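Asker: Requesting a structural model of the entry that follows:
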Amino acid sequence: MTRPPDNLLTRPTRAEVAKKSYLALVHHPVYDKHGLVVATSITNLDIHDIARSSRTYGLAGYFIVHPVTAQRELAGRILQHWNGPGQEQNEFRSSALTTVRVVASLDQAMDQIAGEQGHPPLIAATTARKQEKAIATKRLLKDPELAERPLLLLFGTGWGLAKEVLERTDRLLQPICGPSDYNHLSVRSAAGIILDRLFGEPEHDSGEQTP
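Answerer: Reported below is the predicted structural model:
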């Protein structure tokens, strides 16, 4: 009987990788439509919807990254509401928002992750632009470094992550592309698609045939 390679014996399952994975929504530095580096505003929908996706796929945490104190305070008030009175209104939404953390920089998020997991995260960035070194999500899951290191998925607001952020990443993921020439998904939709590709249960064929 042939023994499987050692890397297959120690490779973590999707669920195990998810439990050590984090998502960061970066509001600065990102590009605007003119290619200028800006800071975008935190939106209520991004907080709620990405939190629900993160909770659904079993992530360890969801970071909202913004350098402006007033913006972080806004996010904090929203979270405070759902950790208090909002729990009685919608327990499911309140539960999802327990994954959210608000930080001033990507470095702060990385420090928190390293402190919790004992290793610095493997950083994988998403982009809507085609990049020569971009890899598929299936290849990312097979990365041997994930046997020990946690995963940090970066999503940019505005018109995408600035070059200085992409240069700090360990991996780039291939963009989400449909059959049309339109490629402007909301970051909430993109996050949900990427998380499902990484951690979603594979479809099972029921055997039924379409007439």
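
Asker: and the residue nearest the centre of the chain, which of the three is it?
Answerer: By Cα atoms, centre = their mean, the chain has its centre lying nearest to Leu23, at 3.1 Å. Taken by DSSP: H, G, I helix; E, B strand; the rest coil, the conformation at Leu23 corresponds to strand.

Asker: what packs against the longest helix seen in the chain?
Answerer: Criterion DSSP state H: the longest helix present in the chain is helix 69-83. Contact partners of helix 69-83 among helices and strands, from 3 or more Cβ pairs under 8 Å, 6 or more residues apart in numbering; DSSP states H and E: helix 44-56, helix 91-96, strand 100-103. C-betas here are computed from N, CA, C, even on glycine.

Asker: comparing the ones you listed, which gets the lowest mean pLDDT score?
Answerer: Looking at these, the lowest mean pLDDT belongs to helix 91-96 (a mean of 74).

Asker: for this structure, what spans make up the strands?
Answerer: In the chain, the strands defined using DSSP state E lie at 21-26, 30-31, 37-38, 61-65, 100-103, 122-125, 151-156, 171-172.

Asker: Redo the helices and strands packed on helix 69-83 as TSV? Include mean neighbour count and distance to Asn83.
Answerer: TSV is the format used below for these (neighbours: other Cβ atoms under 10 Å; distance: least, Cβ to Cβ, whole Å):
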stretch	mean neighbour count	distance to Asn83
helix 44-56	19	12
helix 91-96	15	7
strand 100-103	20	10
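
Asker: mind giving me TSV with the ones you listed and columns for distance to His28?
Answerer: Putting these into TSV (distance: least, Cβ to Cβ, whole Å) gives the following:
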stretch	distance to His28
helix 44-56	14
helix 91-96	24
strand 100-103	12
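
Asker: Between these, which one is closest to Pro179.
Answerer: Checking the helices and strands packed on helix 69-83 against Pro179 by Cβ to Cβ gives helix 44-56 as the closest, at 23.8 Å.

Asker: Now do the same for Tyr182: its pLDDT.
Answerer: Looking at Tyr182, its pLDDT is 87.

Asker: Okay, now the unreliable bits of the protein?
Answerer: Within the chain, the stretches with pLDDT under 70 are 1-9, 84-93, 203-211.

Asker: redo that, cut-off 80
Answerer: 1-10, 82-94, 202-211 (pLDDT under 80).

Asker: Counting neighbours, which bits of stretch 65-83 end up buried?
Answerer: Buried residues in stretch 65-83, defined by neighbour count with 16 or more other Cβ atoms under 10 Å: Val65, His66, Gln71, Arg72, Leu74, Ala75, Ile78, Leu79, Trp82.
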